[in-house]
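1. here is my input; please provide its structure:
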Amino acid sequence: MRVVGLCELCNGRSELSYGDISNKLQITEDEVEDYVIRALSAKLIEARLNQLEKKVYIIKSVQRNFGDEQWKQLQSLLAEWKQSVTSVQKTIQQNALKQ
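-> Predicted coordinates for the structure are as follows:
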């Protein structure tokens, strides 16, 4: 369950300190790397460890819940994608007419 908790903690963040992780997961700072490596191995997060700074730099993480906010984000991304595809279609059609 702590690995899942780590994933939730990573959502929406680009970095976390070992201290933040240990406090939230109620583990020692020495255990932080073990849990991060477990999450990395399970492909639940993509991150880099910095042992000198005692930080985890998060690239992406799996979301446990998919609620209203995530649906709104997805809707926005799909609208942007649709607009881009429409623009490409118009460009192709205009170039076809010129030939």
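2. using the three-state scheme, assign the residue nearest the centre of the chain.
-> Central residue of the chain (C-alpha atoms, centre = their mean): Lys60, 2.6 Å from the mean position. Assigned by DSSP: H, G, I helix; E, B strand; the rest coil, the conformation of Lys60 is strand.
3. residues contacting it?
-> 45-46 (C-beta atoms under 8 Å, 6 or more residues apart in numbering). (C-beta placed from N, C-alpha, C; glycine too.)
4. might you list the low-confidence residue ranges for this structure?
-> 64-65 (pLDDT under 70).
5. show me the domain layout of it.
-> 2-61, 66-99 (automatic domain parsing).
6. who does the residue nearest to the centre of the chain form a beta bridge with?
-> Glu46 (DSSP bridges).
7. just to revisit the earlier point, please identify the most buried of the domains of the chain.
-> Each of the domains of the chain was scored by mean neighbour count; the highest is domain 2-61, a mean of 15, by mean count of other C-beta atoms under 10 Å.
8. A helix includes Leu77, no?
-> Yes: counting by three-state DSSP, Leu77 is located in a helix.
9. number the chain from 56, please
-> Let's use 56 as the start, then, which means that last one is Leu132.
10. and the residue nearest to the centre of the chain, how far is that from Glu88?
-> Per C-beta to C-beta, to the nearest Å, Lys115 is found 19 Å from Glu88.
11. do the same with Arg103
-> 12 Å.
12. need the overlap of contacts for these two.
-> By C-beta under 8 Å, 6+ apart, no residue touches both Arg103 and Glu88.
13. could you check how far Thr146 is from Leu152?
-> 11 Å.
14. would you list the phi and psi of Asp85?
-> Here is the backbone geometry of Asp85 (degrees, to the nearest 10): phi -70, psi -30.
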